[in-house]
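Peer 1: what's the 3D shape of this:
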Amino acid sequence: MAQYRFSWAIVNGTGTITVNGNPPELFYEEGTSLTILGTFDSGFSLIGYDINNGFLISGTNPWTFTMPSRDVKLRVNLTGTFTPSDTDYELKYFSETEDQSLQLIRLEIYEYGYIGAATEKQTAGFQFRWGNFGADEIEPIVRSFLNFGLVGTRDEYFEILEGGYRKWQVKLLIDGDLFWEGYINNSTLTINEVGITEVMEFTASDGFNSFDSKRVNEQYFDGFSGNTFVGGFFGALSQTFPVLRPIHMACEIYETRLDTNDGVFEQLLIPANAVFTDGEIPLYLSSNGITENTSVYISEFLEALLKPFLCRVFLWKNEFYIISLPELAKDSYRLFNYNTDATREGITTITPGMDVSCKFTAGQRTGRPVYTEFTGTLELGVLDYSARGGIYEEPFSVDSWEFNLPGSAYPGVYQLRVWNYISAIPSGQPASYPTGINPARIQYVADALGEYCKIWGTSAVSGTADTYLSFIELDTTRTGQAIPIAQDLANTLSFQIEFIFEPRFSGDLPRPNTFAGVLINIGSSYLSFDGVDVFTWTNTFTIMQFPMGSMYAWNKLDITNVVVPEDGNVIIRLYQVITTNSASVDKYTVGYRNMSLKIEENDSFATAEISEKFVTDKSYSNVYPDVKFKIGDVDTENSSSAIRLDLVGYGYPNSQAWSRDGVESVPLIQIFLQELANIKGKQNPRLILTLPRNAANPLEIKPYQNIEYDGYYWMVVAMEVDLMANSWRLELARLEEIGS
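Peer 2: Alright, predicted model coming up:
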């Protein structure tokens, strides 16, 4: 028995399937009974299965069907929105102790899938780390960690060495309030082979490490504020954390048409087909149900969104913050607060966190390089991989045909390999001309006029309204080289073909109202012709007609660079002679050769980029590494950028001028370079200090606030906190003078 290909895709959701209890195989033998069982992620439910776009349909799960004698494409149609939950974690270990300030510190360790009672353990110290000392201020992702010790023997903690990165969840509470949450990364653990009780050291991370290993999945974006940036952030973060958290965002860099009373990220879009780096890797999966991991990592995705605005993302008190560095150099700034469903709940004004003068010990300053030259490249207008289009050429030479062997339906004649015959059959030279409503004859011809396809047609005198009109049809999905077409206006179409009229009886002359017919259909759009030189698209079924000219002479139809209005399958039909002239019926044939279809990138949206150089007035020679980022300056969903404007009445326009103060309007790249120079283009020392917190100094350091010292604002680069001693070691980077 023959084997046929089996492929599958989940549409509008996430999950997996088994076939007869096993992972799906690539091929199955015809006649095999296949039981499909789908398992779907939290929040998604099955609408139904279908095979080959409706060849077989079922709404049951599991579903059993018999493998047909053809390739199968199984679609698993889901509905719903991803709803992460941590209900699969159960408390297994905990400890409680008081720090020097008599605050109660409670450590909780949860195991995924655990069922049972919680056991109290003895702990020995807690150290919290946020960021890395010596890190670059503009790193877009700031991670945090918790080091802690558990007292016990080796046998008590062997289990924590097993189970993977997300099996063990850690929560740290101070006086009942959640301070930090993360996961034990067992690859960093070592259990000592000793027979005595001792302190075992563990490290947990906040979950950001998964940004470097998980790929962005578009399905997680559903339900989060449409396709805005805010939804993009929530969608990416919800993939990596079992419980959604609020996000607080601060950035006062606005495109001049945006509303400064709204958060800037509420008014930006992530194009559905955005790409990253080389124009072939989508930022997240397309909407066609493809489930392969072909998208970029979440860290790359977040960096693409954050970099143009010099923003950083981090967790603090188990909530996300996205803060633009220029905000930290101000006397105050606005923080837009978003609920876990990505809707805005309010605006908070953030003022300096504290003045550390005379409150710290063990201070030291470290120097930083001073950069005097900065170059940034803003990439815009690069169309994504789905806009690449393609070429299909059909010469109608002998290689386009196959010779039907004895035993076939039409033995001894040539038949086109990939074309459908409608009201037509393959034929050699007809013994008698087809007339009336008989099927037209499709003939391979090689003679003095060249190699071509001749249609011996039949017709009434009703033109394109003829019910029995014959044609051959090419569907590009049948060709083995389907041509992808992007949405919006990202592609243009060019089409060339030659056609020739021949009389069935020598001496017959060209007749009026007699035509060759060509149909080009993409999605719901049909190409139309005004009879002179203009080609446009219409939603009405249209056969373009080209009048009969001289006999035995090739005519060339040349359509170039017509903008394609939508995506969809490409269908081409070449018709028999079409006429409304009764004297022409059954008296002429039409031949076709040298057909070429090209779907190409729209030249209007060709690759473009803007490079700017910024030089400070300092007399140093350090050159900052070139920086590249993307922002959509193309009026199409298929821009390679990660940013477009979402403005009612503007039709999702490309960006133009931006402003950081509401007065001066400049390109975004200039704002980026200016802000980069403000941070890196002058003496910018780091201050490392230790800040004991006690009754005399109760203020808490919050990394989304700046800190006052020595007449300047400083930003928190990193911190190490001894939670038992309540001692905070900080690294601060100097920003602007207070009041400047």
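Peer 1: Can you find the helix or strand in the protein with the smallest mean pLDDT?
Peer 2: Least confident helix or strand, the chain: strand 275-276 with a mean of 46, by mean pLDDT, DSSP states H and E.
Peer 1: For the chain, identify the residue most remote from the centre.
Peer 2: The C-alpha centroid of the chain is most remote from residue 507, which lies 62.8 Å away (C-alpha atoms, centre = their mean).
Peer 1: mind checking how far it is from residue 435?
Peer 2: 19 Å (C-beta to C-beta, to the nearest Å). Glycine gets a C-beta too; all of them are placed from N, C-alpha and C.
Peer 1: repeat for residue 244
Peer 2: According to C-beta to C-beta, residue 244 and residue 435 sit 71 Å apart.
Peer 1: likewise residue 35?
Peer 2: Distance from residue 35 to residue 435, by C-beta to C-beta: 54 Å.
Peer 1: From what I see, residue 151 and residue 120 are in contact.
Peer 2: No - applying C-beta atoms under 8 Å, one finds residue 151 not in contact with residue 120, separated by 11.2 Å.
Peer 1: between the two, who's got more neighbours?
Peer 2: residue 151 (14 against 9; other C-beta atoms under 10 Å).
Peer 1: what helix or strand is that one on?
Peer 2: strand 144-152 (DSSP states H and E).
Peer 1: for that strand, packing partners?
Peer 2: strand 123-130, strand 168-174, strand 177-184, strand 198-205 (3 or more C-beta pairs under 8 Å, 6 or more residues apart in numbering; DSSP states H and E).
Peer 1: run the last query once more with 6 Å
Peer 2: The helices and strands touching strand 144-152, judged by 3 or more C-beta pairs under 6 Å, 6 or more residues apart in numbering; DSSP states H and E, are strand 123-130, strand 198-205.
Peer 1: Can you report how many residues lie near residue 736?
Peer 2: Residues near residue 736, counting by other C-beta under 10 Å: 17.
Peer 1: So in terms of bridging, what pairs with the residue lying closest to residue 422 once chain neighbours are set aside?
Peer 2: Residue nearest to residue 422 in three dimensions, not counting chain neighbours: residue 471, with 5.2 Å by C-beta to C-beta, 6 or more residues apart in numbering. Counting by DSSP bridges, residue 471 is bridged to residue 422, residue 575.
Peer 1: Correct me if wrong: residue 471 contacts residue 573.
Peer 2: Yes - using C-beta atoms under 6 Å as the test, residue 471 is close enough to residue 573 to be in contact (4.6 Å).
Peer 1: Who has more neighbours out of those two?
Peer 2: residue 471 (24 against 19).
Peer 1: related to what we said a few turns ago, if you count what's nearby, which of residue 244 and residue 435 comes out ahead?
Peer 2: Counted by other C-beta under 10 Å, residue 244 and residue 435 do not tie: residue 244 has more neighbours, with 19 against 13.
Peer 1: what about the more buried one, which helix or strand?
Peer 2: Using DSSP H and E, residue 244 falls outside every helix and strand.
Peer 1: Tell me the spacing between it and residue 233.
Peer 2: Distance, residue 244 to residue 233, using C-beta to C-beta: 11 Å.
Peer 1: Check residue 319 too.
Peer 2: 13 Å.
Peer 1: More neighbours: which of these two?
Peer 2: Counted by other C-beta under 10 Å, residue 319 and residue 233 do not tie: residue 233 has more neighbours, with 26 against 15.
Peer 1: So residue 486 sits against residue 389, correct?
Peer 2: No - Residue 486 is beyond contact range of residue 389, at 8.1 Å (criterion: C-beta under 6 Å).
Peer 1: and the two? which has more neighbours close in?
Peer 2: Shown here are residue 486 and residue 389; by other C-beta under 10 Å, residue 486 has more neighbours (25 against 22).
Peer 1: and the more buried one, that one's in a helix?
Peer 2: No - counting by DSSP: H, G, I helix; E, B strand; the rest coil, residue 486 is not part of a helix but coil.
Peer 1: Please compute how far stretch 38-49 lies from its chain's middle.
Peer 2: Counting by C-alpha atoms, centre = their mean, to the nearest Å, stretch 38-49 is centred 22 Å from the centre of its parent chain.
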